[in-house]
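**Q** Show me the folded form of this:
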Amino acid sequence: RSVTVNMQADQAQRRIEQVGRCLNAAQRTVLIGIDQGTSSTRAIAFAPTLGPASSSAFEVVASHQVEIATTEPHKDWVDQDPVLIAETMWQCLEQVQKKLAALPGPTCVAGIGVTNQRETTIAWDKTTGKPFANAIVWLDNRTAEIVKRLTVGRGLKADVLRDKCGLPISTYFSASKIVWLLENVPEVRTAIAEGRCLVGTVDCWMLWNLTGGVHGGVHVTDVTNASRTMLMNIKTRQWDESLCEFFSIPSSILPTIKSCAETYGTIAAGRPFAGTPICGCIGDQQAALVGQLCLRSGDIKNTYGTGCFMLLNTGTDVVHSKHGLLSTVAYQFGPNFPAVYALEGSVGMAGKSIRWLRQMGIVGRAREVDDLAASVPDTGRLYFVPAFSGLFAPYWCDTARGVIVGISQSTKKAHLCRAVLEATCFQSREVMDAMLQDSGVAVRMLKVDGGMSFSNIMMHIQADVLGTPVARPAILETTAIGSCVCAGLAAGVFTVPQLLAKHDALLKYAASTTVDGGRPPFRVFEPSTTPEERAERLAWWKKAVRRTMNWAE
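**A** Numbers count the residues shown, from 1 in each chain. Modelled structure (predicted):
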C-alpha cells in the first residue's frame, strides 16, 4: 500500500511540474527520442495523440537520421567509434531543433528520452572525455577465449550465473567485453588505478555527454541496460559484488543504476535543447516493447533489425528460462514503481543476412530480396542458417557457423533470397516455442517492428511459420517511441492507464481500413498453413541448424 501511495504522489508531482513547463501554455507539446542503433543514430520529435480519433498514440513531428558505420579490423571483431556516436547524436538533435523552429506556432519539449544498442561497451577517461578504445559492439566475438576460460577452464557451465543475473556467460554480454578491455588496453588499467576510468554501455556514454561530459556529466545507466551486463543482480537491480568478483571487474568504474523514467540531468549549456530534462532511458529492445504498448503480462513483440529480438512481458515476476531464453528487466517507470520483467530470445543475424546477400553480389538492393522471394512459391527445401558469429537463443553456441544446405540443380537465387527471409522467421519460431515452454503463455498475436517488418512477403512467411497472426503498426518507430513513453511518464505528460486505453482502442480498430480517415493502426497478417505443414518445415529447419554446430571448434 505504501508503494502505491508513493507512486501516486510521484505521479502527482510530475504532473504539477509538467503543467508548469508546457501544459499551461498555448504550445505544441512534444517529446524527443534519441535512438542510437548499430547502423544509425536518429532523433525523432513526437506529439502524443491519445485522443479517440487518431490512428496512433504518437505523431512524428520532426526527425533526423545519420548513418554510422561499424568496422571489422580483425576476424570476429566489430568496432564502432564512440566519438562518432556522440557527434551523430548532436547532429541529429541540432537538425530536429531547426525543424521544430520552422513549424508554425511555439513548441515545448517536455522531455528527452534515450534508447540505445545494448551490450555494446565503451571505456573512457572522465578527465579528458576521450575513449581508451573503440566501442566493442554487441555482435563482436573476440571474447570467445575469455568465455571459454571463465567456463570450461574452471569446470563450469555457461548457465552458472543465471540465477543471479538471468543470463548465460556469452560473448554477447558486456562483462566479457569489459574483461577484454582490462586485459588488452593498458591505458584502461592505468586509468582505473588513478581513478579516471569510466565504463558503460552506449546509454552511459550518451547521457554523460548530453549532461556536460567533463563539465559535470552524469555517469548513470538504467535497469534495462544494466540487466544486459551480467553484473547486475536481476532481483535487487543493483551491481552484485559477487558477479563483479567472478569477472574481476571493479564496481567503482560502473555507473549508478536508475529507473527508466526519472530525470537524470539536463542538456548541457551551449547545446541543442540546452536545459531540457533528460528523463527517459531504456535499452532498444525493451524500448520497442514499451513503444508497442506491450504493458500487460503476456504481451509479446518481435523486432527485426540487424539482429532479431523477441520479448514477452512476464509482469513483476522473474521467470528463469530452462529453454535457452534470457531473463531481463523490461522496464521500470520510476524509482518508486515496481520493475517489470521479460523473457527474451535474441537472434544474432536478421537484417545483417540481407546485407550479406548484397556483399556477395547476389542482389544489388535490399528491395530485390522481396521481389525475388515472392517469385517462387517456396525454397525448394533450401535452408540458410546465418550463424555468422555463432547462434544465440535458444542454442547459445558460439562455435556454430553459417550454412546453406539443400542446393540442387534447380536452385536459383530466388530460392536463396526466400530462404534468407525464412531463416529469420524460423529462428523467431524457435524462440516463441521456448517462450511457450517457459511461461505457459499461449501467444494470440505477435506485434512486429524494425526494418525487416516492412517486408510484406516476410510477414506473411512469419505468420505461416508461427501459425499466429502478426500485427505491424502503422508507425514503425517503436524504439524511439518507447524512449518517449519513459520520458513522457517521468514528465507527467500522460499516465500508463491512458496509454493502455489508447492501445486497446487501436487494437479494436485493427481490422478496419482506417480510423477517422487516416491510416489503419495495424496491418494484420493471418497464417495460411496447416499444423502439419508447419511441423514438417520446422523439422527440416532444425536439421539444417544441426549442421552448423561446433564448426569453429
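**Q** State the mean pLDDT of the helix ranked longest in the chain.
**A** Looking across the chain with DSSP state H, the single longest helix is helix 413-439. Helix 413-439 carries an average pLDDT of 93.
**Q** list the helices and strands the helix or strand following that helix packs on?
**A** Following helix 413-439 in sequence order, the next helix or strand is strand 446-449 (DSSP states H and E). Packing partners of strand 446-449 (3 or more Cβ pairs under 8 Å, 6 or more residues apart in numbering; DSSP states H and E): strand 300-304, helix 456-466, strand 470-473. In this view, the C-beta of every residue, glycine as well, is placed from N, C-alpha and C.
**Q** Now find how far off-centre the first one is within its chain.
**A** Distance, stretch centre to chain centre, for strand 300-304: 10 Å (Cα atoms, centre = their mean, to the nearest Å).
**Q** List phi and psi for V185.
**A** Dihedral angles phi and psi of V185 (degrees, to the nearest 10) take the values phi -120, psi 100.
**Q** Contact partners for it?
**A** Going by Cβ atoms under 8 Å, 6 or more residues apart in numbering, V185 touches 123, 132-133.
**Q** What about the residues you listed, which are in strands?
**A** Members of the contacts of V185 lying in strands (criterion: DSSP state E): A123.
**Q** circling back to that earlier point, in the longest helix of the chain, what's buried?
**A** Of all the residues in helix 413-439, those buried under the rule 16 or more other Cβ atoms under 10 Å are 413-432, 434-435, 438-439.
**Q** just the helices and strands packed on strand 446-449: most buried one?
**A** strand 300-304 (a mean of 26; mean count of other Cβ atoms under 10 Å).
**Q** which helices and strands does that one pack with?
**A** Here strand 300-304 touches helix 284-291, strand 308-315, helix 413-439, strand 446-449, helix 478-491, going by 3+ Cβ pairs under 8 Å, 6+ apart.
**Q** Need these in TSV (columns: distance to T143).
**A** Output for the helices and strands packed on strand 300-304, formatted as TSV (distance: least, Cβ to Cβ, whole Å):
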stretch	distance to T143
helix 284-291	21
strand 308-315	20
helix 413-439	23
strand 446-449	30
helix 478-491	26
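**Q** Identify whichever of the ones you listed lies nearest to F388.
**A** Nearest to F388, of all the helices and strands packed on strand 300-304, is helix 413-439, at 11.3 Å by Cβ to Cβ.
**Q** just to revisit the earlier point, for the contacts of V185, give me CSV that also has neighbour count.
**A** As requested, the contacts of V185 are exported to CSV (neighbours: other Cβ atoms under 10 Å):
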residue, neighbour count
A123, 25
F132, 21
A133, 17
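**Q** which residues are contacting stretch 531-539?
**A** 426, 429, 464-467.
**Q** try it again with 6 Å
**A** Stretch 531-539 is contacted from outside by G467, using Cβ atoms under 6 Å, 6 or more residues apart in numbering.
**Q** quick one: average confidence on it?
**A** For stretch 531-539, the mean confidence score works out to 95.
**Q** try stretch 494-505
**A** Averaging pLDDT along stretch 494-505 yields 89.
**Q** Relative to the helix or strand encompassing V329, what are the paired strands and their orientations?
**A** Using DSSP H and E, V329 sits within strand 326-331. Strand 326-331 pairs in its sheet with strand 340-347 (antiparallel), by DSSP bridges.
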